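>>> fold the following, please.
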Amino acid sequence: MKDMNKHKEENKKETRRKERTRSKLFGTSARPRISVFKSNKYVYLQAIDDSAHNTIAFGKTASALAAKLKKMKVELAIFDRGAYQYHGGIKKIADEIRKNGIKI
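Modelled structure (predicted):
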């Protein structure tokens with residue numbers, strides 16, 4: 001029973017971190033929000049226009065997403081790390097997006 005309560009508490013903490021991060025970010029069609037989701041096996045990226053409630057582009061790699069955004073003539077974006085800390089894989093994703101010409 002203690003383990004279950006521990007997991008519920010961790011989920012609440014993660015949700016609070018994610019909401020705190022996302023409350024400060026808002027994407028538009030000119031400057032979409034790049035959202036990151038990590039599962040145990042994959043990383044998912046998507047560019048979101050919050051003003052129209054629409055997903056503009058998505059990809060499994062940062063370079064693929066950056067190429068799609070460049071094709072759509074988007075040069076600026078907002079990086080939404082969610083509840084994840086900005087180090088390791090999340091930092092590599094942001095650096096890869098910058099390397100491919102999208103300013104975040």
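>>> buried set for stretch 24-41?
Applying a neighbour-count criterion of 16 or more other C-beta atoms under 10 Å, the buried positions in stretch 24-41 are G27, R31, P32, R33, I34, S35, V36. C-beta here means a position set from N, CA and C on the backbone, and glycine is covered the same way.
>>> and the helices in this structure?
Assigned helices in the chain, in chain order: 2-22, 62-71, 89-99 (criterion: DSSP state H).
>>> so which of the buried residues of stretch 24-41 is the closest to D3?
Distances from D3 to these, taken as C-beta to C-beta, are shortest for V36 (28.0 Å).
>>> so how far is G82 from the closest one?
Applying C-beta to C-beta, to the nearest Å, one obtains 6 Å for the distance of V36 from G82.
>>> so where is the protein shaky, pLDDT-wise?
1-2 (pLDDT under 70).
>>> give me the residue at the spatial middle of it.
Compute the mean C-alpha point of the chain, and by C-alpha atoms, centre = their mean the closest residue is S35, 2.0 Å away.
>>> apart from its chain neighbours, what residue comes closest to it?
Leaving out its chain neighbours, the residue that sits closest to S35 by C-beta to C-beta, 6 or more residues apart in numbering is D80, at 4.6 Å.
>>> quick one: that neighbour and P32 touch, right?
No. Using C-beta atoms under 8 Å as the test, D80 is too far from P32 to be in contact (9.8 Å).
>>> what about the residue nearest to A66 when sequence neighbours are not counted, how many residues nearby?
Distances taken as C-beta to C-beta, 6+ apart place N100 nearest to A66, at 3.5 Å, with adjacent residues excluded. Look at N100: counted by other C-beta atoms under 10 Å, it has 16 neighbours.
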